[in-house]
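Student: Provide a 3D model corresponding to the input given below.
(2 chains)
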Amino acid sequence: MDLRDTPEEAAFRAELRAWIETNLPDELRGHRGGAMRFEGPELRAWSKALYEAGYAGLTWPKEYGGGGAPYTHQAIFLEEMARAEAPPHIGVIGIGMAGPTIMAHGTEEQKARYLAPILSADEIWCQGFSEPGAGSDLAGVRTSARLEDGHFVVDGQKVWSSFAHIADFCILLTRSDPESTRHAGLTYLIVDMHSPGVEVRPLRQMTGESEFNEIFFNSVRVPVENLLGEVGGGWQVAMTTLLHERGTLGFALQAALEVQVRKLVALARDRGADPLQRDRIAREWIEMQALRYTNYRSLSQLMKTGLPGPEGSISKLVWSEANQRVTKLALEILGPDAALAEENAPYGGYWQYQQLRSRGNTIEAGTSEVLRNIIAERVLGLPKSR
Amino acid sequence: MDFTFTPEQDALRKQARDFLEANPEPSFAELAELGWTGVSIAEEAGGVGAGFVEEAVLYEELGRALYHGPFFSTFALALPALPDDLRAEVAAGTTSWTLALGPLVPDLDTADRIATVGGDGIYELEGAEREVLTTTDETRPLGVVRGGTVGRRLADSTVLEEIATRSNAALAVEACGVARRALELAIEYAASREQFGKKIGVYQAVAHPLADAYTQLELARSLALWAAWCVAEGDERARIAAAAARAHATEAAVRVCETSIQVHGGIGFTWEHVLHRLYKRALWIQSFGPSTTRLRAEIAAALLEGGQVFHVPDLRPEHGRPDPALAPTTQGG
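Tutor: Prediction:
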């Protein structure tokens, strides 16, 4: 047990911190997330700069253009990015979900074609899993893929797809066997978002902005070579994607929470906090540290045994609920000014925006209800509820 | 960065688990035979020369087993005040200690000698009359001392801060041991008890509170082990880490026990079941020393009136980060 950086980790951290200080444009500093994740050419340039410096896909194998670095480097990277309040690489879905899935299930041709442009931010990816009738219950997917002279013909609708309006490719879960139900008969495809018949409509959220989209597929022709895994084997491929979605997220979430708590403390220093609010601020600081060291425990286990520790499965649940409490507490500290919005509000409406946005945190990427089921069944070994 | 136990630490845990299951009420001398009483005492003073992380493994297992004896009072309270010759006696298992920090003194029924705080120092209290009081948790009685004479001066009172930190960290880890057993019992019960034709763990009204109990316990354990490591390494963050761990783990342990009682239904409310004993230990831990609100007030003061108390390390690869926010505010304990 040694919670310090090793000399090698410390050197990596020092080099990275200096690089961010030199290269992060001022206008991208203090990035608030949300729809800002898609705006303007500066983000692409920043993502490209991360790539050229070797910080994109740190844990990807070197043969696919990644850094081949240990997960501890990824953790340090996320800590330092959060410390500088730097926006993430624009290809988060490609790097965190599509890329690892292609590495695990793709053909050599697919790896050669798709992986490098993810890291260089030349191609953006989105995810087409959820449907109006298949949310937490993903096995209810109905978007159809019909095999017809060397193509899959795709018809259906996907929803809650971030980045879809700027994406070049989509990882799409379809039902290829119309007679099938549930987990069988699903097929995983890579779809060119510029194909005829693909239509993207933004969804307006309670924050007033649009991060998520609906995607409509009207007889979209997808070449058979875009099949990922096997026809009918889509469920297993999708599980790889979700494993990565939930598996590598913990450090990014904790780092984001640290930024929020730091801002909460600054707010309380600025505007004052009563004794009960001070108690809650201390609680949130404690919980944030608890989340950090829980991630460290899980990561250390991963480094030693190749499998992350079971405690890592609580990260997303803990973060989402903590972020909701922190942002709500900030509004309470703001008092009557909390009712103001955007440029009329203190700090440019940062907290008003964050608080509303946080309500999505316990729904997106696995609802808290589903996550509690996962903990109960897979970690605690309780009998399955379904 | 490595947040796992060494094979030696894992072996110590296994030894402790096995021994305490077979011998639920060991004497202090028996603990000495296992080498536990010297675990964090330097080899020069007759100890094993391991550290506070190893000691934390023992606090966790002793908590799990609801051990009744002067281990906590000797090592978390008195040890920092003891000179080397007295430490050697502790390591040998011939003397156990308790420390009178306030009017209620723990382990007064089992500790051999008593240290007391007076003026600018910590002294041995000799020939005092002891009265052991009835306590809710029968496995860790409190008592009062009367009379006696002030004997040898053991340490300067500056050691009180180290004692507060050690006892916060020790109780945080102990709370995790208590809560772990309560949670394991609840999981076992939910996976075997049937109602309405199904195992009750199938129902989300049962399963989700257990998932929350697990979540709170793991968060608490992460903090407790962080605090233990900070104490072992003499890290500047030890004081605040121990306060954070104690505040979180105390509440988590009480809540996990309550969830477990609820999941057990009527049987969990009976005297025969072990749950109430675990619950009472959790409540004891909550009652001792600074309250959780007091600990959080200290942390809030460090955050709001002190300097930066965030984690991301400075760039010096060697350990040790001076942090103005960690300057003493109010003395806990």
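
Student: so where is chain B shaky, pLDDT-wise?
Tutor: Residue ranges of chain B with pLDDT under 70: B:307-333.

Student: Break it down into its domains, please.
Tutor: Listed domain ranges for chain B are B:7-157, B:161-308 (source: automatic domain parsing).

Student: Kindly compare burial across these and name the winner.
Tutor: domain B:161-308 (a mean of 22; mean count of other C-beta atoms under 10 Å in any protein chain shown). (Glycine included, C-beta is placed from N, CA and C.)

Student: How far away from the center of its chain is that one?
Tutor: 11 Å (C-alpha atoms, centre = their mean, to the nearest Å).

Student: How about it and chain A, touching?
Tutor: Yes. Under the criterion of C-beta under 8 Å from any C-beta of the partner chain, domain B:161-308 makes contact with chain A via B:187, B:190-191, B:198-199, B:201-204, B:207-208, B:210-212, B:214-215, B:218-223, B:225-226, B:229, B:241, B:244, B:247-248, B:293, B:296-297, B:299-300, B:303-304.

Student: The domains of chain B: which one's closest to residue A:128?
Tutor: Proximity to residue A:128 (C-beta to C-beta) singles out domain B:161-308 among the domains of chain B, at 29.0 Å.

Student: on that earlier part again, got a markdown table for the domains of chain B, with distance to residue A:82 too?
Tutor: Shown next, in a markdown table, are the domains of chain B (distance: least, C-beta to C-beta, whole Å):
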| stretch | distance to residue A:82 |
| --- | --- |
| domain B:7-157 | 28 |
| domain B:161-308 | 15 |
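
Student: Strands of chain B, start to end?
Tutor: Along chain B, counting by DSSP state E, strands occupy B:97-100, B:105-106, B:113-118, B:121-126, B:129-132, B:142-146, B:149-156, B:194-195, B:198-199.

Student: Distance to residue A:178 added to those, as a markdown table?
Tutor: Converted to a markdown table, the strands of chain B look like this (distance: least, C-beta to C-beta, whole Å):
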| stretch | distance to residue A:178 |
| --- | --- |
| strand B:97-100 | 75 |
| strand B:105-106 | 71 |
| strand B:113-118 | 79 |
| strand B:121-126 | 80 |
| strand B:129-132 | 77 |
| strand B:142-146 | 72 |
| strand B:149-156 | 80 |
| strand B:194-195 | 40 |
| strand B:198-199 | 34 |
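
Student: sorry, back to before: looking at the domains of chain B, which is nearest to residue A:176?
Tutor: In terms of C-beta to C-beta, the element of these nearest to residue A:176 is domain B:161-308, at 32.7 Å.

Student: and residue A:264, what does it touch?
Tutor: A:281, A:284, A:326, A:329-330, A:333 (C-beta atoms under 8 Å, 6 or more residues apart in numbering or on different chains).

Student: Show me which of those is closest to chain B.
Tutor: Comparing the contacts of residue A:264 against chain B with C-beta to the nearest C-beta places residue A:281 closest, at 5.7 Å.

Student: how about that closest one, secondary structure?
Tutor: Secondary structure of residue A:281, reduced to three states by DSSP: H, G, I helix; E, B strand; the rest coil: helix.

Student: Can you check the pLDDT for it?
Tutor: pLDDT, residue A:281: 98.

Student: What's the local residue count around it?
Tutor: 25 (other C-beta atoms under 10 Å in any protein chain shown).

Student: I'd say it and residue A:272 touch.
Tutor: No. Between residue A:281 and residue A:272 there is no contact under C-beta atoms under 8 Å: 11.6 Å.

Student: who's in contact with residue B:224?
Tutor: B:56, B:169, B:172-173, B:175-176, B:245, B:249.

Student: and if you look at residue A:271?
Tutor: Residues near residue A:271 by C-beta under 8 Å, 6+ apart: A:333-335.

Student: Model confidence for it, exactly?
Tutor: Looking at residue A:271, its pLDDT stands at 95.

Student: ok, residues contacting stretch A:98-106?
Tutor: Contacts of stretch A:98-106 (C-beta under 8 Å, 6+ apart): A:57, A:60-61, A:64, A:110-111, A:114-115, A:118-119, A:125, A:127, A:169, A:171, A:188, A:190, A:228-229, A:237, A:240-241, A:244.

Student: and residue B:57, how far is that from chain A?
Tutor: 11 Å (C-beta to the nearest C-beta, to the nearest Å).

Student: What separation is there between that residue and residue B:87?
Tutor: 20 Å (C-beta to C-beta, to the nearest Å).

Student: Could you do residue A:287 as well?
Tutor: Relative to residue B:87, residue A:287 is positioned 37 Å away (C-beta to C-beta).

Student: what does residue B:229 give?
Tutor: Counting by C-beta to C-beta, the gap from residue B:229 to residue B:87 is 22 Å.

Student: For the closest residue to residue A:374 other than its chain neighbours, give me the pLDDT.
Tutor: Closest residue to residue A:374 apart from its sequence neighbours, by C-beta to C-beta, 6 or more residues apart in numbering or on different chains: residue A:313 at 6.3 Å. Residue A:313 carries a pLDDT value of 88.

Student: residues near residue A:313, how many?
Tutor: By other C-beta under 10 Å, 23 other residues sit near residue A:313.

Student: pretty sure it contacts residue A:378?
Tutor: Yes. In this structure residue A:313 lies within contact range of residue A:378 using C-beta under 8 Å: 7.2 Å.

Student: Break chain A into its domains for me.
Tutor: A:7-90, A:125-232, A:249-379.

Student: What is the burial count for residue A:207?
Tutor: Neighbours around residue A:207, by other C-beta under 10 Å: 18.

Student: Which parts of chain A are strands?
Tutor: With DSSP E as the criterion, chain A has strands at A:125-128, A:144-148, A:151-162, A:169-175, A:186-192, A:198-203, A:212-223, A:227-228.

Student: where's the third one relative to the chain centroid, distance-wise?
Tutor: To tie it back to what came earlier, the one meant is strand A:151-162. 20 Å.
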